[in-house]
Structures are given as structure tokens and as C-alpha cells.
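J.: Sequence and predicted structure, then a few things I'm wondering about:
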Protein chains: 2
Amino acid sequence: MPKDSLKKFNNLKRETRGMINIDPLQAGGILTNEARQALVEWGDGFSVCDFCQGKLDEIKNPPIYDFVHQILPEFINADAVCLTNGAREGKFMIMNAIAKYGDFIIIDKNSHYTTYVAAERAGLKIKIVENSGYPEFKIDANKYEEAIKEIQKEKGNIALLLLTYPDGNYGNLADAKKLAEIAKKYNIPFLLNTAYAIGRMPVNMEELGVDFVIASGHKSMASSGPIGFIGMKKEWENILMKKSRYFPKKEIEALGCTARGTVIMTLMASFSKVSERIKQWPEQVEKARWFSEEMEKLGLKQLGEKPHNHDLMFFESKKLFEISEKEKRGRYFLYQELKKNNIWGIKPGLTKNFKLSTFAVSKEELKKILKTFEDILKLGTVPFLKN
Amino acid sequence: MPKDSLKKFNNLKRETRGMINIDPLQAGGILTNEARQALVEWGDGFSVCDFCQGKLDEIKNPPIYDFVHQILPEFINADAVCLTNGAREGKFMIMNAIAKYGDFIIIDKNSHYTTYVAAERAGLKIKIVENSGYPEFKIDANKYEEAIKEIQKEKGNIALLLLTYPDGNYGNLADAKKLAEIAKKYNIPFLLNTAYAIGRMPVNMEELGVDFVIASGHKSMASSGPIGFIGMKKEWENILMKKSRYFPKKEIEALGCTARGTVIMTLMASFSKVSERIKQWPEQVEKARWFSEEMEKLGLKQLGEKPHNHDLMFFESKKLFEISEKEKRGRYFLYQELKKNNIWGIKPGLTKNFKLSTFAVSKEELKKILKTFEDILKLGTVPFLKN
């Protein structure tokens, strides 16, 4: 292997650093300064294991035990919390622990792709609850009851209900409480996917009445990844945390330990700021709604729930699409124009439909974004399009 | 949640920083400067996904695609490589993909605990090949053949052979080539656990003749964790990388993407140095053997293969144990004396049996360690033990 060919893997710089970031996937995972310090301090492989006595979540120095078993459960009002390698790994862990091969899982049409994939990996049959379609794409909790009845009629066993809260396309927050009542009525466990919620907005498991939540550190808790956690009701603790027959301290579903690296340290380091920022959730929602209205004034259309209840929003713009058809740069013109204005987060090539998040940006920055969209839309009005 | 109670999670310092590190778990995972820079540059959650088109290992900017599909396969002479969240997750991925519930896996007695736990999670029956016992604890590849015959006699289906290379207790390197021949003879897939090998010493899949290897970034490749990878022969690619029925680009066993964070960037950033350091393996083995001999001169006994072939070594010391029985500090005296001399890595409380690694330390530092052991052993000769 010629040494020179390896040089390109050294000293790689992130192109998008310092840009105004409206990528929904990234907006909640931007590190705090505290997390950035933790990265360097605890970056070495297995450094968190210095004083481990056999179980990651029981480490007292650094205080992982307190964080996992006191702070996080209190934060979301869970009976118990366990760390995972991320939200998707949390979903699979729950499915694999509580369901049998061939069981049904009922999921919402707006589910993240990893919900499908986790269910396939666990050998589950997937029943989909459709959304209301264009333009709001809402999930009606009552439709889960219809799905339950259909499956039960054909003698299928339903292992789990799953709702995405909010979903990652439209940012819709369906009625989780209502679905929790249905889940109780039929005695089926209920998992709420809160990868875009916990760390951005208040989530209270007890109040929602769910059996499980899954959270993502790198998506919404200002942490480096991959890391996440599961919040659960206590009746699930022994099932999810089942120990090995050979090593009585080691949990089977966690394969012993999950997020055994600097990622648990960034999650902890950012936590005091994360627990503060969720208190600003009403202002975040107000900011999102204001931005949506301003975008609509420019002729774009916000899909999903309206008025909107989350920073993640989906926009439709026929006009931008029309421009892309005439533009020399084709469908990449929007991405390029935004980049020129130091705005990052709308996927290269998208014009007609795209999502964004207002979470990590100030109102001043949003005003700049609106002005940029206004200017870009004018490209459609000049006869000779610029390059 | 009172804000003050969260302060303890900020600005946590690693107590052991800057110490001479002989912890086998940590010696191979100490970051290079390049990796430390990558940590900060790519620390934000999902930062590596800036230019993702739907699959982590296909990202061209940063050059993850080249790294995973060209550099790593060439490095270990594999037909294909896929990223994982770590070695244990790699083991489970393979077991879950190729075995059926109730199948047998044959493993060596020296297996890491996660081998057992991964097999339990995958619903496999575990057949253990015993080691030779005290003092060498060697694994004889021929004993796998006996185990195969026993299981086949009772009509069991054997899904996988697994050998730990080297094991994490004694640092023994069993005859993997021989076992590969047996695996071929019986047409059973063979997985080599190289978490303590790849990144420390040369590993050539083709030469060894194995179907799979699993590697650990944070254990042996100077990377932050959790991250690892699987190397495989091409006949396994379609089975391990099976795609979702719903999302044709997404791999079921990887749940779409695995090490989706700064960890892949630290693995890449350290790689040029890692690929250089494995060339020093003969010197590493020489250093380990010399250290072993010097320790034996002091009255300690190295267990495991002798002469030794790896930096990970297990020592037995009846004398240190005897001192611990008389010492005021009890069994913690060894740990404390080493710490006083800036030496880190022997677990607090151990005296009679402990493991260590010579990998990350120079001969000069090893001399200091030997001198410290010499001084500590003298504690046993003074009538009034110091505190």
C-alpha cells in the first residue's frame, strides 16, 4: 500500500463548517463547547473504561452511573434507561427482546427507514398505518385500532406498536397519548420513536403513557455519535436487560456494553445545556411557525401539520422546480445559491420538495435565509439566467 | 432537575491522562495526533453525512468509500469489508446473518465474553473447545474437529467456528491456518476474532484462509470508539449485506448505517500510522519477550504461550499476593504503588494474576516499569510495611 495514497485520509477538513445549518439531521447534534472539550479529553479508545468494574453504565468515575440511572430517567420521567449505539439500535434491541419471529409490528407510514429495517432484522411482519396524504400527511392514532383488529381477526400476534414522534419528513407530532390508550386497551407494548424529540423538546414518558421511548444523542442531544438510549417502564427492565447465562453481569441485548467510547462523554458534557434548551421549546415552535408563514409569503408551501409544532418542516416549491428546469446548473442551482450565501442543509439536487430545520438558527439568520430564498426566486423572473 | 446537580457532568478530566499505559484494552486505541484533530473537526453529530447519498460507506466526501472498499480490504487481503459499531457488533452481525435459531457455534475456551453473549443474542447453542489449562492455556485447532464430530453425531447443525486470535486473557495466537483447513474440510464458515490483532500486527485473510475477520477500531487501530469492521470472503457479501425489502439501498444487518459519526473519521485519520506500525510487529514481539523474561527474573511467571507472540501478556505473582495479605492497603497496594510511579493499566485490586500490554510503551518505559516492580517486591522484605 503506497504511503502517499493514504495521505488523503489525514487532515480532512469539513467543508460545511461555520455555515448556517438548517439540516434537520444535524441541527440538534451540533456540539456544545463542553462536548468539544470532552471529545479531546476522552477521545482515546476505551478511555471511559479506566475504572470500569464490568459494566459501562455502572462506572462511577466518570459519573456514568448517575447519568444513566438518575439524571436521564428523571429527564424523561422513565422508570429505567439503558444506553444504546443510537436510536435504530434501540429499536432493534426492543424488538429483538420482546417479539418472536413472525410477530407483527404496527408502524406509522411516516416511520424512519430504520424502523422498517430493524423490524426486518428482528424477523417481524410489518403492518403500516397510512397517513392522511397530501398536504398534511397526518397519522390518526385511531387507525392503529383498525390495524390491531385486522391482525387479530387473522390470529396474528402483535408484539409492538410504534409511532414516530415527530416523523423525520414532515415533523408531525401525532397524538401519542391517544395511541397509548389504545395500546393499553389491547395490552400491546407501545414504543415512541423520539429521535427528533428528546433533547429538543420536553418528553415525559409517564404523561404520554408509553412503554418505551428511544432517543438519539447525535440527532438531538448535542452529542457526537453514534449514541442513544432507551427509556422504559419498569416491567420491561428484566426482559430488555436479560443477563447472559455465562456472564451474570453482562446484558445480552446490549452485547455487554454499547456506547463504550467518547460518545457517552459528549452526551454527558452537553446535557446541562440540553436540559436548559428544551425549556425554550415554545419559542422554538413560535420561530418555526413564523418562518413557515414567511416562506409561504414567498410562494412556497409548507406541508405537514399546520400550524406546525416542530422545528423540522417540509416545503414544496413548484416555482423553484420550474427554475431548475430552465437553469444551466439544473436541479443543483438551489443548493449552490444557498451555499454561496453560507447556508447549509438542503440536500444537493432538491428544488421541488425539501425539508429543513429552524432549530439551530436564530431569527436573524432565518431572516437572511428568507432574503436568500427571495433572491433565488427572482432568478425565475430574469430572461437570461445567470450561471 | 437542579442545575447545580448537572455541573458534575461538565469539564470532566481523565485521571489517567499522561500516564505510562500498559492496559491491554487501551494500548492499541490511543489516538494519533491526526485522529485527535479529526475528532474536533468532525465531532458534531452526523457531520460525516454532509454529502451522503443514502449509505455511509458510499460517501465520497470525506473519502469513506475509498477507505472501506479499497484501503481496508487491501490492508487485510479481504474480498469485502463492512463497518460495524465494534467487534462484538460484528460478531453478532455475522451470527445473525448466517445462522438459524438453535444452530451450533463452536468457540474456543479463551473467547472474549462478547462471543458468548453475541451467540446467546443470536439464539445459538455454544460448544466450547477447552484450552490446555495451566500454565499455557493453549487452544489446539484439532479439538475443533472432535467437537464437529460430536455435534454431527447428534445431528446438530454447525453454523460457525470461531477462534479468538489472540485471546484477550493470555495473548495466545492459536493455529488459525490449521483451523481454516478443518473448516474447509467440513464446509463450515470460520470467523477469526482479531480485535487484538488487526491494527497491531499483520493479518492476511487470504493467507489464513478464513471466511470472516472482525476488527476493533478503538481496541487496536488508534481510533475513538465505538467502531470496528468485518472482513469477509466474497461469497458472504450478499448474505451479510442483504438489503431491505422496503429500502433497496439499506442493509438489514447494519440497520442502514453503523458507525455514523466522528469515529469513522478517527479510524481513517490514524490509518496511515496504523498501517506503518504493523511493520514493527517483529520488534513488538521481541520487546514483549524481553519484558516477559525480565519479569520472570523478578520472580513473576508469565502464563500463556512461551516464548510469547503478542504484546498482551498474563502474569502470575504469588509474591505480590503474599504482600497484599500483609499490606495495610490490602490488595490495592499494587495498583497504588504503580500509580505513584505514573504507571497505569493493571486493574485496581489485582495482585496474584494480572494482564498487561507492552504495545504502547517504549523499552525505556518498560525498564521503569521493571524497576518499579522490583521496588514493590521489596515491600515484602521489610518488616514494617510502609503505607
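T.: Looks like it arrived, so ask away. Residues are numbered from 1 along each chain as shown, chains lettered A, B, ... in the order given.
J.: My guess is residue A:50 contacts residue B:14. True?
T.: Yes. With contacts defined as Cβ atoms under 8 Å, residue A:50 counts as touching residue B:14 at a distance of 6.9 Å. Every residue, glycine included, has its C-beta placed from N, CA and C.
J.: Which secondary structure state is assigned to the nearest residue to residue A:310 once chain neighbours are set aside?
T.: The spatial neighbour of residue A:310 that comes closest, neighbours along the chain excluded (Cβ to Cβ, 6 or more residues apart in numbering or on different chains), is residue A:171 at 3.9 Å. Here residue A:171 is recorded as coil under DSSP: H, G, I helix; E, B strand; the rest coil.
J.: ok, residue A:171 to chain B distance?
T.: When Cβ to the nearest Cβ, to the nearest Å is the yardstick, residue A:171 and chain B sit 17 Å from each other.
J.: With residue A:301 instead?
T.: Distance of residue A:301 to chain B, computed by Cβ to the nearest Cβ: 26 Å.
J.: On the strand side of things, show who that residue bridges to.
T.: With DSSP bridges as the criterion, the beta-bridge partners of residue A:301 are residue A:316.
J.: residues near it, how many?
T.: Look at residue A:301: counted by other Cβ atoms under 10 Å in any protein chain shown, it has 15 neighbours.
J.: So it is in contact with residue A:314, correct?
T.: No. With contact defined as Cβ under 8 Å, residue A:301 does not count as touching residue A:314 (9.4 Å).
J.: neighbour-wise, which of residue A:50 and residue B:14 wins?
T.: The residue with more neighbours, out of residue A:50 and residue B:14, is residue A:50; 23 against 18, by other Cβ under 10 Å.
J.: buried residues in stretch A:309-327?
T.: Counting neighbours by 16 or more other Cβ atoms under 10 Å in any protein chain shown, one finds that the buried residues in stretch A:309-327 are A:309-317, A:319-320, A:323-324, A:327.
J.: Ignore what I typed, I meant stretch A:134-143.
T.: Judged by neighbour count (16+ other Cβ under 10 Å), stretch A:134-143 contains these buried residues: A:137, A:138, A:139, A:140, A:141, A:143.
J.: Near chain B, which residues of the stretch 151-300 of chain A? Just list them.
T.: Within reach of chain B by Cβ under 8 Å from any Cβ of the partner chain, the stretch 151-300 of chain A has these residues: A:216-219, A:222-226, A:244-247, A:250-253, A:255-256, A:258-263, A:265-266, A:268-269, A:271-272, A:275-276.
J.: Just the buried subset of these, please.
T.: A:216-219, A:222-226, A:244, A:247, A:250-253, A:255-256, A:258-263, A:265-266, A:268-269, A:271-272, A:275.
J.: what domains does the record give for chain A?
T.: Segmentation of chain A into domains, based on automatic domain parsing, reads A:12-27+A:279-378, A:33-277.
J.: Same list (the ones you listed) but as TSV, adding mean pLDDT.
T.: As requested, the domains of chain A are arranged in TSV below (pLDDT from 0 to 100):
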stretch	mean pLDDT
domain A:12-27+A:279-378	97
domain A:33-277	98
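J.: among the ones you listed, which is the most enclosed?
T.: Of all those, domain A:33-277 carries the top mean neighbour count, a mean of 22, counting by mean count of other Cβ atoms under 10 Å in any protein chain shown.
J.: and residue B:379, which of the domains of chain A is closest to it?
T.: When the domains of chain A are ranked by distance to residue B:379, counting by Cβ to Cβ, first place goes to domain A:33-277 at 23.9 Å.
J.: got the contact list for the single nearest residue of the stretch 101-250 of chain A relative to chain B?
T.: Relative to chain B, the nearest point of the stretch 101-250 of chain A is residue A:218 (2.9 Å; Cβ to the nearest Cβ). Contact partners of residue A:218, counting by Cβ atoms under 8 Å, 6 or more residues apart in numbering or on different chains, are A:29, A:86, A:224, A:225, A:226, A:227, A:228, A:263, B:45, B:46, B:260, B:261.
J.: ok, now which ones touch the residue nearest to residue A:310?
T.: Neighbours of residue A:171 in contact, by Cβ under 8 Å, 6+ apart: A:24, A:196, A:304, A:305, A:308, A:309, A:310, A:311, A:312, A:313, A:314, A:355.
J.: can you tell me which of these are in strands?
T.: For the contacts of residue A:171, the ones inside strands are A:312, A:313, A:314, A:355, with DSSP state E as the criterion.
J.: Now do the same for residue A:328: helix, strand or coil?
T.: If you use three-state DSSP, then residue A:328 falls in the coil class.
J.: How much space separates it from residue A:143?
T.: Distance, residue A:328 to residue A:143, using Cβ to Cβ, to the nearest Å: 46 Å.
J.: Quick check: the nearest residue to residue A:198 once chain neighbours are set aside vs residue A:73, distance?
T.: If you skip the residues right next to it in sequence, residue A:198 has residue A:215 as its closest partner in space, 3.9 Å away by Cβ to Cβ, 6+ apart. With distances taken as Cβ to Cβ, residue A:215 is found 12 Å from residue A:73.
J.: Same question for residue A:266.
T.: For residue A:266 relative to residue A:73 (Cβ to Cβ), the value is 20 Å.
J.: Equivalent analysis for residue A:259, please.
T.: Looking at residue A:259 against residue A:73, where the rule is Cβ to Cβ, the gap reads 17 Å.
J.: Which single residue of the stretch 251-387 of chain A ends up nearest chain B?
T.: Nearest residue of the stretch 251-387 of chain A to chain B, counting by Cβ to the nearest Cβ: residue A:261, 3.4 Å away.
J.: list the contacts for the residue nearest to that residue when sequence neighbours are not counted?
T.: What sits nearest to residue A:261 in space, not counting adjacent residues and going by Cβ to Cβ, 6+ apart, is residue B:225, at 3.4 Å. Taking Cβ under 8 Å, 6+ apart as the definition of contact, the neighbours of residue B:225 are A:45-46, A:260-263, B:29, B:86, B:216-219, B:263.
J.: And the strands in the stretch 51-200 of chain A?
T.: Remark: strands assigned in the stretch 51-200 of chain A by DSSP state E, counting those that start in this stretch are A:80-84, A:104-108, A:125-129, A:158-164, A:190-193.
J.: Can you add distance to residue B:95 and give these back as CSV?
T.: Formatted as CSV, these follow (distance: least, Cβ to Cβ, whole Å):
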stretch, distance to residue B:95
strand A:80-84, 19
strand A:104-108, 23
strand A:125-129, 23
strand A:158-164, 22
strand A:190-193, 25
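J.: Of all the ones you listed, which one comes closest to residue A:290?
T.: It is, among the strands of the stretch 51-200 of chain A and with distance given as Cβ to Cβ, strand A:158-164, at 25.1 Å.
J.: Quickly run through the sheet partners of that closest one, with directions.
T.: Strand partners for strand A:158-164, identified by DSSP bridges, are recorded as strand A:104-108 (parallel), strand A:190-193 (parallel).
J.: and these as TSV, adding distance to residue B:376?
T.: TSV is the format used below for those (distance: least, Cβ to Cβ, whole Å):
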stretch	distance to residue B:376
strand A:104-108	58
strand A:190-193	53
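J.: unless I'm mixing things up, residue A:37 is touching residue A:269, no?
T.: Yes. The pair residue A:37 and residue A:269 qualifies as a contact (Cβ under 8 Å) at a distance of 6.9 Å.
J.: Give the residues shared as contacts by these two.
T.: With Cβ under 8 Å, 6+ apart as the test, residue A:37 and residue A:269 both reach residue B:11.
J.: Let me know the next secondary structure element after the helix or strand where residue A:238 lies.
T.: When secondary structure is defined using DSSP states H and E, the element that contains residue A:238 is helix A:237-240. Later in the chain than helix A:237-240, the nearest helix or strand by DSSP H and E is helix A:262-277.
J.: how many degrees apart are that next one and helix B:262-277 in direction?
T.: Between helix A:262-277 and helix B:262-277, the angle formed by their directions is 160 degrees, by axes from the mean of the first three to the mean of the last three Cα atoms, to 10 degrees.
J.: Which strands or helices does helix A:262-277 pack on?
T.: Packing contacts for helix A:262-277, counted by 3 or more Cβ pairs under 8 Å, 6 or more residues apart in numbering or on different chains; DSSP states H and E, involve helix A:33-41, helix A:217-220.
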